[in-house]
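Asker: okay, sequence plus prediction incoming.
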2 protein chains.
Amino acid sequence: MAKTTPRLHLDAELTPAHDIALSRDQGHYLTHVLRLVGGDVVEVFNARDGAWLAYLTDVGKKAVNIRCERRVGDVTPPPDIDYLFAPLKHARLDYMVQKATELGVRRLRPVMTARTIAERVNLERMRANAIEAAEQCNLVFVPEVLEPQPLAKVIAVWEPSRRLIFCDETGVRVSPLGVLRGVSPPAAVLVGPEGGFTEDERRLLKSQPFVTGISLGPRILRADTVAIAALAVVQAAIGDWGA
Amino acid sequence: MAKTTPRLHLDAELTPAHDIALSRDQGHYLTHVLRLVGGDVVEVFNARDGAWLAYLTDVGKKAVNIRCERRVGDVTPPPDIDYLFAPLKHARLDYMVQKATELGVRRLRPVMTARTIAERVNLERMRANAIEAAEQCNLVFVPEVLEPQPLAKVIAVWEPSRRLIFCDETGVRVSPLGVLRGVSPPAAVLVGPEGGFTEDERRLLKSQPFVTGISLGPRILRADTVAIAALAVVQAAIGDWGA
């Protein structure tokens, strides 16, 4: 169950040395939605300074300030697993980004494929969803959101020491756990768009020495299900679910 | 990618011997939403008669009939794994039922726990969601939806040959894959409510010889994420993802 102390991600340096001004939205949320007043406690965090207990100092019409008091948590990065995905539309993309953050990934990397439908990728919105999931799920980390890249470019500049695990719907059905035996982070999970990868894309992927294809069973899964299922299996097989 | 032939689940016996009348909703969907006309082809299926290609015969204002022509698929039941879950509210419950169906479970069994919030469980709606997921994901199967039962009752009458795998957030973190080694269907996956199980419930579960607790890693997951993640790991470890 989530703690009841409100949690906020703050980009600012978290230090007890001076007050930190909240953004207008965050100030509004704390004082108008949650009705906090001066002296009330919040938890603030970022992926650099860890988590801090802080209290509201200045609660004015124009600004809401907090002061960090005590560091309560270290930064806890998930295993070095990136999540590469063809952006879905709107609500389903929000959801996918939240779920990937929850399950624990280092970086969120949108990849444009032949059948990718989302024309414009809203990175700010993606980042806001990652932050929201981190706030709600007690993470002391937020995955970095990278600029979208075409699949061919991603492959061309890939660092071969990072294993690229892709969800191959048309592959021979062998156990994903068997295939992942011997794989370890750094790694990345690549999930295609609703329509799947094209034959050309699949051929390109399969011809790379750093690529491992996994099957997620005999039933057709929707792209957002694949995202969660693949990350769960990868975390269980090579991530920190067994640690 | 889903086939473009519309798919419909029909409770009626699927036989080429005579016309089958569609429900008002199904008839409306085919003729007004999809704008099909007499002679157009649909796929119909149920968990008893398999999948059939059929064509629209009588397209009237009052009734839309189809006639089965050719059987195109056997019933493909997933592994004998049940999914037991504390009902969530509305949209999130819809989603959870759809995802469990997609991932492949035999039965959907709502379980009332101390912290379950949904007061009334709408079984019809649950069944409609399971059918929708089966239609969209090309399943030739629909999981049975059972009546809700209190957790204590479920445990009291449990058939001990079916391993009950429960997602224990507070358990010692050992690999779920290690714990599941040696387990095989028949099995069941039990996921708690948003607030988790109470101490008493956890004690009750852990004291049963047929119960196995698994951990899904160090990060807090939301109940709907747990549902998908647990089923994915169980399918990969003991289900048909390796077959």
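Answerer: Great, that's in hand. Numbers count the residues shown, from 1 in each chain, chains lettered A, B, ... in the order given.
Asker: identify, by residue count, the longest helix of chain A.
Answerer: Assignment by DSSP state H gives helix A:223-238 as the longest helix of chain A.
Asker: list the contacts of the residue nearest the centre of chain A.
Answerer: By CA atoms, centre = their mean, chain A has its centre lying nearest to A:Thr101, at 3.1 Å. A:Thr101 sits next to A:Leu108, A:Asn129, A:Ala130, A:Ala133, A:Ala134, A:Cys137, A:Leu139, A:Val142, A:Pro143 when contact means CB atoms under 8 Å, 6 or more residues apart in numbering or on different chains. Quick note: C-beta positions are derived from backbone N, CA and C, even for glycine.
Asker: which strand or helix spans it?
Answerer: Under the criterion DSSP states H and E, the helix or strand holding A:Thr101 is helix A:90-103.
Asker: so that helix versus helix B:90-103, what angle?
Answerer: 70 degrees (axes from the mean of the first three to the mean of the last three CA atoms, to 10 degrees).
Asker: buried stuff in helix A:90-103?
Answerer: A:Arg92, A:Leu93, A:Asp94, A:Tyr95, A:Met96, A:Val97, A:Gln98, A:Lys99, A:Ala100, A:Thr101, A:Glu102, A:Leu103 (16 or more other CB atoms under 10 Å in any protein chain shown).
Asker: could you tell me how far that helix lies from the centre of the chain?
Answerer: Distance of helix A:90-103 from its chain centroid, counting by CA atoms, centre = their mean, to the nearest Å, is 8 Å.
Asker: just the closest of the contacts of A:Thr101 to chain B, please.
Answerer: Here the nearest of these to chain B, counting by CB to the nearest CB, is A:Cys137; it sits at 4.8 Å.
Asker: pull the number of nearby residues for the closest one.
Answerer: 19 (other CB atoms under 10 Å in any protein chain shown).
Asker: the longest helix of chain A near chain B at all?
Answerer: Yes: part of helix A:223-238 sits near chain B under the criterion CB under 8 Å from any CB of the partner chain, namely A:Thr225, A:Ile228, A:Ala229, A:Ala230, A:Leu231, A:Ala232, A:Val233, A:Gln235, A:Ala236, A:Ala237.
Asker: skipping adjacent residues, who's closest to the fifth one in space?
Answerer: Of all residues beyond its chain neighbours, the one nearest A:Leu231 is A:Leu103 (4.3 Å), with distances taken as CB to CB, 6 or more residues apart in numbering or on different chains.
Asker: tell me the contacts of the one you found?
Answerer: A:Ile228, A:Leu231, A:Ala232, A:Gln235, B:Gly217, B:Arg219, B:Leu221, B:Thr225, B:Ala229.
Asker: pretty sure the third one sits against B:Val233.
Answerer: Yes: counting by CB atoms under 8 Å, A:Ala232 sits close enough to B:Val233 to count as a contact (5.5 Å).
Asker: overlap in contacts of the two?
Answerer: With CB under 8 Å, 6+ apart as the test, A:Ala232 and B:Val233 both reach B:Leu216.
Asker: returning to that earlier point: the contacts of A:Thr101: which ones sit near chain B?
Answerer: By CB under 8 Å from any CB, the members of the contacts of A:Thr101 lying near chain B are A:Cys137, A:Leu139.
Asker: which ones among the contacts of A:Thr101 lie within strands?
Answerer: If you go by DSSP state E, these have A:Leu108 in strands.
Asker: would you list the contacts of A:Thr101 in a markdown table and tack on distance to A:Gly27?
Answerer: Shown next, in a markdown table, are the contacts of A:Thr101 (distance: CB to CB, whole Å):
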| residue | distance to A:Gly27 |
| --- | --- |
| A:Leu108 | 27 |
| A:Asn129 | 21 |
| A:Ala130 | 21 |
| A:Ala133 | 22 |
| A:Ala134 | 20 |
| A:Cys137 | 23 |
| A:Leu139 | 22 |
| A:Val142 | 20 |
| A:Pro143 | 25 |
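Asker: quick one: average pLDDT of the helix holding A:Thr101?
Answerer: The average pLDDT for helix A:90-103 rounds to 92.
Asker: next one: stretch A:40-51
Answerer: Regarding stretch A:40-51, the rounded mean pLDDT is 97.
Asker: list the buried residues of it.
Answerer: A:Asp40, A:Val42, A:Glu43, A:Val44, A:Phe45, A:Asn46, A:Ala47, A:Asp49, A:Gly50, A:Ala51.
Asker: and stretch A:200-220, by the same measure?
Answerer: Buried, per 16+ other CB under 10 Å, within stretch A:200-220: A:201-202, A:204-205, A:210-217, A:219-220.
Asker: start to end distance for it?
Answerer: End-to-end span of stretch A:200-220 (CA to CA, to the nearest Å): 21 Å.
Asker: what's the spacing between that stretch and its chain's center?
Answerer: 22 Å.
Asker: likewise stretch A:126-145?
Answerer: 6 Å.
Asker: checking the closest residue to A:Val41 other than its chain neighbours next. Helix, strand or coil?
Answerer: Nearest non-adjacent residue to A:Val41, counting by CB to CB, 6+ apart: A:Tyr55, 5.3 Å away. In three-state terms, and counting by DSSP: H, G, I helix; E, B strand; the rest coil, A:Tyr55 is strand.
Asker: A:Tyr55 and A:Val44 touch, don't they?
Answerer: No: using CB under 8 Å as the test, A:Tyr55 is too far from A:Val44 to be in contact (10.4 Å).
Asker: what do those two both touch?
Answerer: Counting by CB under 8 Å, 6+ apart, the common neighbours of A:Tyr55 and A:Val44 are A:Ile66.
Asker: any idea which element A:Phe45 lies in?
Answerer: Taking DSSP H and E as the criterion, A:Phe45 maps to strand A:41-46.
Asker: what strands line up against that strand, and which way round?
Answerer: strand A:7-9 (parallel), strand A:50-59 (antiparallel) (DSSP bridges).
Asker: now render the contacts of A:Leu103 as TSV, adding distance to A:Val189 and pLDDT.
Answerer: Compiled in TSV, the contacts of A:Leu103 are given as follows (distance: CB to CB, whole Å; pLDDT from 0 to 100):
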residue	distance to A:Val189	pLDDT
A:Ile228	11	95
A:Leu231	6	97
A:Ala232	10	97
A:Gln235	10	97
B:Gly217	15	93
B:Arg219	16	92
B:Leu221	17	92
B:Thr225	15	92
B:Ala229	13	96
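Asker: for these, which one is nearest B:Gly27?
Answerer: The nearest member of these to B:Gly27, counting by CB to CB, is A:Ile228 at 35.4 Å.
Asker: OK, contacts around the closest residue to the closest one other than its chain neighbours?
Answerer: For A:Ile228, ignoring the flanking residues on the chain, the nearest one in space by CB to CB, 6+ apart is B:Ile228 at 4.4 Å. Residues near B:Ile228 by CB under 8 Å, 6+ apart: A:Thr225, A:Ile228, A:Ala229, A:Ala232, B:Lys99, B:Leu103.
Asker: quick one: work out the angle between the helix holding A:Thr101 and helix A:223-238.
Answerer: Using the same axes, to 10 degrees: helix A:90-103 against helix A:223-238 is 10 degrees.
Asker: can I get helix A:90-103 in CSV, CA atoms only?
Answerer: Provided in CSV are the C-alpha atoms of helix A:90-103 (Å, rounded to 0.1, in the frame of the first residue of the first chain):
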residue,chain,number,x,y,z
HIS,A,90,-2.6,8.7,-26.1
ALA,A,91,-4.1,6.9,-23.1
ARG,A,92,-2.5,3.6,-23.9
LEU,A,93,0.9,5.2,-24.2
ASP,A,94,0.4,6.9,-20.8
TYR,A,95,-0.5,3.6,-19.4
MET,A,96,2.5,1.8,-21.0
VAL,A,97,5.0,4.4,-19.7
GLN,A,98,3.5,4.2,-16.2
LYS,A,99,3.7,0.4,-16.1
ALA,A,100,7.2,0.2,-17.5
THR,A,101,8.3,2.7,-14.8
GLU,A,102,6.6,0.6,-12.1
LEU,A,103,8.2,-2.6,-13.3
